[in-house]
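In: Predicted model and sequence follow; I will ask about them next.
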Amino acid sequence: MRLQLIASCIVVLGVAWNPAGAAADGGDGWKISADTLIYSDNDNVRIISPQLAVHHPLDDDGGSVGARVVVDVVSAASVDVVSQATDRFSETRTEVDLSLAKAMGKWLPSFSYNYSHEPDYLSNGFGVGVQRRLGSADTTLRLGYNLSLDTVGYHGTSMMNFSESLTTHMLSASITQNASPTTVIRGIYTLSVQDGYMEKPYRFVPLFDQAGIDKAAMDGVSINLETFDQYRLPLRPAESVPDQRIGHAFAMRLMQYVKGLPGSLRLDYQFFADTWGVQAHMLQPGIYWKRSDRTTVSTYGRLYIQQAAGFWQRQYIVQPGQVPKYRTMDRDLSDYLTVTGGARIQWHKSPLTLYADGSAMYTHYDDYLFLTSRLALVLQLGLRLQL
Amino acid sequence: MKRFVWLVLCLNALLSGCATTKAYQRERLADPVMVPDGDEDREALKSHMRATREGAIGGFGHGGGGCGCN
């Protein structure tokens, strides 16, 4: 696999290394990007994600070649981990993305490949897309297809002994329209079809009977992370969710230039629904303010509200010997709400651009046995060097 | 037949786009604060972080492969 990656990099960089062609097309030089994201929450999860990327334009119509490497260094002792009687764990995920786009007349075809590796998860993704201006330069249509072939393993166990597969197809269409000399609107639709193993092999679901629930009530105890083991049934089956999930996402972006700022206002909205019964709304307003020729300040908010999957239950209460067909403790399938507020400052002096982005995310879980809220702080720093 | 004519008309309308600005009016639209995609690398990093914490798939979210689900 490493040889495949190296070969892919050589092919992509070989296509890019054409200084005469780039100059003839009016392309600029290499852009080098370095970013680091630091995530920390009060559920004992810490993540540091350094990322390095290079891009080179191939033409003036959006054609480019690029490569990106990101490493997630994760250390976690979240309720998801400790509720399974497991200690804190640390692991590293490495991802490599390669992309290539080259204008051909009015068409801009693109290709991408990404490879992601964790000790217990392997993913290979392939993407093709095409972009075309329709009529004038005011309307741009983009169609894309991504295929992701994932293999789920079990930490400490060879994938020869345990591995499950997950295939994800994503089909997307977007149209971007300059609605006026100061307004841009974008609409996106994404169809996602997932087939295969979507459980987490470490996740086991506590079951209760009515007698246990009644006993907890008599004891005056609410069932939560500290107490659930005393009142659950001895049987604790592995998580089980349907093998297929089909989702539809509809998204809109509105951008308005405001001369008085000077800068722009941005509003994103997204609706998602899938065959598991999950529904989600996302609203994200933002202000981009040009403080000077070199400095841009932006602030943004984000509201994400989700309705749980149909088979989600806070507590699975069963008859003796009964095991629900579908059962999960994945809080990302529960009812919850996340509110995010953040700000970014960006400074530019050719050939260098620096930015710092900080945000706080508060999540309230309406119906999750092990956690009612989570506060996360996210800091992202980056630099761009245009050669 | 009527449906086919409507389909051809709709496709023609869609593919011919909607011209709303002249070239000399696009100065504001070319400003970096009006770029719809923003900085691709910055957004990819943040998008992956969100994708592992939100149940929704697609739309504005992308952000690479892998699980990263802690």
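Out: Structure's in. What do you need? Residues are numbered from 1 along each chain as shown, chains lettered A, B, ... in the order given.
In: any low-confidence regions in the chain?
Out: In the absence of a named chain, this looks at chain A. Applying pLDDT under 70 to chain A flags residues A:1-27.
In: should've been chain B
Out: The low-confidence ranges in chain B, as defined by pLDDT under 70, are B:1, B:8-17, B:61-70.
In: residue ranges of the helices in chain B, please?
Out: Counting by DSSP state H, chain B has helices at residues B:2-15, B:40-51.
In: now for the last one, which elements pack on it?
Out: Taking 3 or more C-beta pairs under 8 Å, 6 or more residues apart in numbering or on different chains; DSSP states H and E as the contact definition, the neighbouring helices and strands of helix B:40-51 are strand A:31-41, strand A:45-57, strand A:64-76, strand A:352-365, strand A:373-386. Yep, even glycine has a C-beta here, placed from its N, CA and C like the rest.
In: any chance of these in CSV, plus distance to residue A:293 and mean neighbour count?
Out: Formatted as CSV, those follow (distance: least, C-beta to C-beta, whole Å; neighbours: other C-beta atoms under 10 Å in any protein chain shown):
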stretch, distance to residue A:293, mean neighbour count
strand A:31-41, 20, 18
strand A:45-57, 23, 19
strand A:64-76, 26, 20
strand A:352-365, 13, 16
strand A:373-386, 16, 17
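In: Give me the spatial nearest neighbour of the most centrally placed residue in chain A, chain neighbours excluded.
Out: Nearest residue to the geometric centre of chain A (C-alpha atoms, centre = their mean): residue A:332, 12.4 Å. Among residues not flanking residue A:332 along the chain, residue B:55 sits closest, at 4.7 Å (C-beta to C-beta, 6 or more residues apart in numbering or on different chains).
In: show me the residues around that neighbour that make contact.
Out: By C-beta atoms under 8 Å, 6 or more residues apart in numbering or on different chains, the contact list for residue B:55 reads A:272, A:278, A:280, A:306, A:309, A:332-333.
In: can you pull up the bridge partners for the nearest residue to residue A:245 once chain neighbours are set aside?
Out: Using C-beta to C-beta, 6+ apart and skipping the chain neighbours, the partner closest in space to residue A:245 is residue A:194 (4.4 Å). Beta-bridge pairing of residue A:194 under DSSP bridges involves residue A:168, residue A:245.
In: Residue A:194 and residue A:165 touch, don't they?
Out: No - using C-beta atoms under 8 Å, residue A:194 is not in contact with residue A:165, being 11.1 Å away.
In: Give me the more crowded residue out of those two.
Out: Between residue A:194 and residue A:165, counted using other C-beta atoms under 10 Å in any protein chain shown, the more crowded position is residue A:194 (22 against 12).
In: give the contact list for that one.
Out: Applying C-beta under 8 Å, 6+ apart, we find residue A:194 in contact with A:166-169, A:244-247, B:57.
In: Quick one: which of those residues is the most crowded by neighbours?
Out: Ranked by the number of neighbours (other C-beta under 10 Å), these place residue B:57 first, at 24 neighbours.
In: So it versus residue B:37, what's the distance?
Out: 19 Å (C-beta to C-beta, to the nearest Å).
In: would JSON lines of the helices and strands packed on helix B:40-51 with distance to residue A:252 be doable?
Out: Shown next, in JSON lines, are those (distance: least, C-beta to C-beta, whole Å):
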{"stretch": "strand A:31-41", "distance to residue A:252": "26"}
{"stretch": "strand A:45-57", "distance to residue A:252": "28"}
{"stretch": "strand A:64-76", "distance to residue A:252": "26"}
{"stretch": "strand A:352-365", "distance to residue A:252": "22"}
{"stretch": "strand A:373-386", "distance to residue A:252": "25"}
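In: Please convert those strands to CSV, extending it with distance to chain B.
Out: Below are the helices and strands packed on helix B:40-51 laid out as CSV (distance: least, C-beta to the nearest C-beta, whole Å):
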stretch, distance to chain B
strand A:31-41, 4
strand A:45-57, 5
strand A:64-76, 4
strand A:352-365, 7
strand A:373-386, 6
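In: which one of the ones you listed lies closest to residue A:327?
Out: strand A:352-365 (17.5 Å; C-beta to C-beta).
In: Name the residues that touch the closest one?
Out: With contact meaning C-beta under 8 Å, 6+ apart, strand A:352-365 is reached by A:41, A:300, A:331, A:334-348, A:371-386, B:39, B:42, B:46, B:53.
In: Could you do stretch A:168-175 as well?
Out: Contacts with stretch A:168-175, where a contact means C-beta under 8 Å, 6+ apart, come from A:139-148, A:150, A:186-195, B:57-58.
In: In that stretch, which residues are buried?
Out: A:168, A:170, A:172, A:174-175 (16 or more other C-beta atoms under 10 Å in any protein chain shown).
In: before we move on, what about stretch A:137-154?
Out: Under the neighbour-count rule (16+ other C-beta under 10 Å), stretch A:137-154 has A:138-142, A:144, A:146, A:148, A:150-153 buried.
In: Distance from the chain centre to that stretch, please.
Out: With C-alpha atoms, centre = their mean, to the nearest Å as the basis, stretch A:137-154 stands 13 Å off its chain's centre.
In: if we can go back for a sec, okay, and which of the buried residues of stretch A:168-175 map to strands?
Out: A:168, A:170, A:172, A:174-175 (DSSP state E).
In: my read is the residue nearest to the centre of chain A is in a strand, agree?
Out: No - using DSSP: H, G, I helix; E, B strand; the rest coil, the assignment for residue A:332 is helix, not a strand.
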